[in-house]
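# What shape does this take:
(2 chains)
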There are 2 protein chains.
Amino acid sequence: MAYFTTVLAHFFGILALILLLVWILHFRGEIDLDNNEASHIFNVHPFLMYFGFVFFAGEAIMAYKTFNVEHKVQKFAHMSLHVIAIVLGIVGIYAAFKYHHKQGITNMYSLHSWLGLATFILYGLQWLFGFVNFWIRGTYDSTRRSYLPLHMTFGRILLFMAICTAETGLIQVSAMLGLQIGTESRLVNFTGLAILLFGIAVELSVSYALAIRL
Amino acid sequence: MAYFTTVLAHFFGILALILLLVWILHFRGEIDLDNNEASHIFNVHPFLMYFGFVFFAGEAIMAYKTFNVEHKVQKFAHMSLHVIAIVLGIVGIYAAFKYHHKQGITNMYSLHSWLGLATFILYGLQWLFGFVNFWIRGTYDSTRRSYLPLHMTFGRILLFMAICTAETGLIQVSAMLGLQIGTESRLVNFTGLAILLFGIAVELSVSYALAIRL
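Below you'll find the predicted structure:
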């Protein structure tokens, strides 16, 4: 079951990326942070928040247990894929602020922005605590042992929050663009479903991998 | 920890209810399914989908392990609180359709409606399978034993989906009403945060209760 759910997670992860790219490139123009067209700057945000942040974070979570390599390499992949997620996430968040600035839109007023910032800050802290405890081993063995279940629990909560934030972002864009009936509206919805199923499959893949270990 | 997270869950559950009621009654008028004013019919939807569906479903999930009564009573509470959630959820969904009909708005075009209907149908099936297997014991012991972990996993996924749907609903209403800076916007956002924290606390409370049992 761990193998099956991991394959499912990769499948929905790639599917969501394809749907997202078709949506942006076909209906919304270019993905370009240095464009004169504000909407092209904005396009960087959904692209990097999903493909940069959510997707790499999900892969990082799964890497720790399900990558078919020795455990040290799994651990390195887990740590460094999260770094990629953080770096690309920062660029993605910057794109939203740059777009707001260019268009004179207020920052941080929506529930999406609140959830997103909370998720991202907690995610950064989670990475830092993980790095200090498990990578450079800067704490006592006993601290490390009692921190491990907390690290796993927070990781699952952060995945949940990241997916929630992605769904609220898609629906906010849909509502702002006034999408109702039509291909674009359905495409955005299917992208949202694929992202949700990616999150669920990652969660299941990790639960099953842990259950096997117990 | 199971006790602490259960108390937290009740706290955030009630807090979300209070914030939701303040928002609707202070800013959006009455909650009335038989009103001439379409927006008052609509108000039934967020009220019942949270207080009827999400809140009772969360309480039902926790009842099975954390209510301080004998297990038969816990099991009865688990089953019947889910019935209350389903019944109130149906009324809440009906309110959205009635509002759409009155206003001439298309049904089922948004990601919120897709997530919501998917969650509700799967929730109904989950209840039905649970009832047949565990309440009227209409299946073999071996079927029941192998179904139990699936039932628990699906329950957690459905809780996750229900919270996601609630967040998308709040953000959709915010965007439709054009809420940006101001008290109402912040109130809706805090309601969203409280609902998210309710979901997280329910999930944690159940994980800890299960961990104790293992």
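# Leaving out chain neighbours, which residue sits closest to whichever residue of chain A sits closest to chain B?
Residue of chain A nearest chain B, by C-beta to the nearest C-beta: A:A175 (3.5 Å). (Glycine included, C-beta is placed from N, CA and C.) Spatial nearest neighbour of A:A175, chain neighbours left out: B:A175 (3.5 Å); criterion: C-beta to C-beta, 6 or more residues apart in numbering or on different chains.
# picking that back up, verify the stated contact: the residue of chain A closest to chain B with B:G178.
No: in this structure A:A175 lies outside contact range of B:G178 using C-beta atoms under 8 Å: 9.8 Å.
# Could you give the number of residues near A:A118?
15 (other C-beta atoms under 10 Å in any protein chain shown).
# nope, A:T66 is what I meant
Under the neighbour criterion other C-beta under 10 Å, A:T66 is assigned a count of 21.
# if we can go back for a sec, mind checking which of A:A175 and B:G178 has more residues around it?
Counting neighbours by other C-beta under 10 Å for A:A175 and for B:G178 shows that A:A175 has the greater number, 21 against 9.
# Contacts only, for that one.
Contacts for A:A175 (C-beta atoms under 8 Å, 6 or more residues apart in numbering or on different chains) come out as B:S110, B:I171, B:Q172, B:A175, B:M176.
# between those, which is nearest chain A?
Proximity of the contacts of A:A175 to chain A (C-beta to the nearest C-beta) peaks at B:A175, which lies at 3.5 Å.
# re the thing from before, ranking by neighbours, what's the top pick from the contacts of A:A175?
Most surrounded of those: other C-beta under 10 Å gives B:I171, at 27 neighbours.
# tell me the angle of the helix or strand hosting that one relative to helix A:141-177?
Here B:I171, judged by DSSP states H and E, is contained in helix B:141-177. Orientation of helix B:141-177 against helix A:141-177 (axes from the mean of the first three to the mean of the last three C-alpha atoms, to 10 degrees) gives an angle of 50 degrees.
# Following the chain past helix B:141-177, name the next helix or strand.
Per DSSP H and E, the first helix or strand lying C-terminal to helix B:141-177 is helix B:183-213.
# which other helices and strands contact that next one?
The contact analysis (3 or more C-beta pairs under 8 Å, 6 or more residues apart in numbering or on different chains; DSSP states H and E) places helix B:183-213 against helix A:111-130, helix A:141-177, helix B:2-22, helix B:55-66, helix B:141-177.
# I'd like to know which of those lies nearest to A:V22.
helix A:141-177 (13.9 Å; C-beta to C-beta).
# Buried residues in the closest one, which are they?
Within helix A:141-177, the residues that count as buried by 16 or more other C-beta atoms under 10 Å in any protein chain shown are A:147, A:153-175.
# If we ignore the residues flanking it in sequence, what's nearest A:T191?
A:L19 (4.2 Å).
# Give me the pLDDT for A:F67.
Model confidence at A:F67, given as pLDDT, is 87.
# Contacts only, for it.
Per C-beta under 8 Å, 6+ apart, neighbours of A:F67: A:V73, A:Q74, A:A77.
# let's go with 7 Å and repeat that
By C-beta atoms under 7 Å, 6 or more residues apart in numbering or on different chains, the residues touching A:F67 are A:Q74, A:A77.
# Can you get me the start-to-end distance on stretch A:127-143?
In stretch A:127-143, first residue to last residue: 16 Å (C-alpha to C-alpha, to the nearest Å).
# Pull out the buried residues from it.
A:W127, A:G130, A:N133, A:F134.
# just stretch A:57-70 next, same as before
Per 16+ other C-beta under 10 Å, stretch A:57-70 contains these buried residues: A:A57, A:G58, A:E59, A:A60, A:I61, A:M62, A:A63, A:Y64, A:K65, A:T66, A:F67.
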